[in-house]
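Student: my questions concern the predicted model and sequence given below.
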Amino acid sequence: MSNADPISKIKPNLALKEPPLFKVIYLNDEYTAMDFVTSSLVEYFDYNPDTATQITHDVHSNGSAVVAILPFEIAEQRGMEVTLDARAQGYPLQVKVEAELN
């Protein structure tokens with residue numbers, strides 16, 4: 001009996017894929033202050049004030065706007081943080097997270 005059993009080498013699959021991306025969408029309402037929307041874009045998504053103001057106007061004019069495209073965990077976390085901040089300040093701002101279709 002031999003202790004030299006054949007050992008097969010398995011090549012690991014090291015092909016990494018980019019994580020799927022998700023859109024963070026702000027929905028317009030009649031109660032959330034535009035100043036809050038603008039400041040949340042600056043605070044949570046690192047927009048400069050001018051860009052944040054333009055996105056806020058897009059949300060107001062179009063009823064909604066994509067404010068960021070991020071991996072799922074980050075998109076979900078930011079959406080939850082904005083929603084919690086809005087509720088803490090008495091605003092009903094809705095934030096949706098949707099899959100980005102390629």
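Tutor: It's in.
Student: quick one: the residue nearest the centre of the chain from Pro19, how far?
Tutor: Centroid check for the chain by C-alpha atoms, centre = their mean gives Ala75 as the closest residue, at 2.2 Å. If you measure Ala75 against Pro19 using C-beta to C-beta, to the nearest Å, the figure is 10 Å. Placement of C-beta: from N, CA and C, glycine included.
Student: in the protein, which helix is the longest?
Tutor: Counting by DSSP state H, the longest helix found in the chain is helix 72-88.
Student: what's the following helix or strand after that helix?
Tutor: As assigned by DSSP states H and E, the chain's next helix or strand after helix 72-88 is strand 94-99.
Student: partners of that next one in the sheet?
Tutor: In the sheet, strand 94-99 lines up against strand 21-27 (antiparallel) (DSSP bridges).
Student: pull out the buried positions in the partner strand.
Tutor: Using 16 or more other C-beta atoms under 10 Å as the test for burial, strand 21-27 gives 21-26.
Student: quick check, nearest of the residues you listed to Pro92?
Tutor: Tyr26 (12.0 Å; C-beta to C-beta).
Student: ok, the closest residue to that closest one other than its chain neighbours to Phe72 distance?
Tutor: Nearest residue to Tyr26, sequence neighbours excluded (C-beta to C-beta, 6 or more residues apart in numbering): Val59, at 4.8 Å. Taking C-beta to C-beta as the measure, Val59 falls 22 Å from Phe72.
Student: compare these two (neighbour count), which wins?
Tutor: Per other C-beta atoms under 10 Å, whichever of Val59 and Phe72 has more neighbours is Val59, with 23 against 14.
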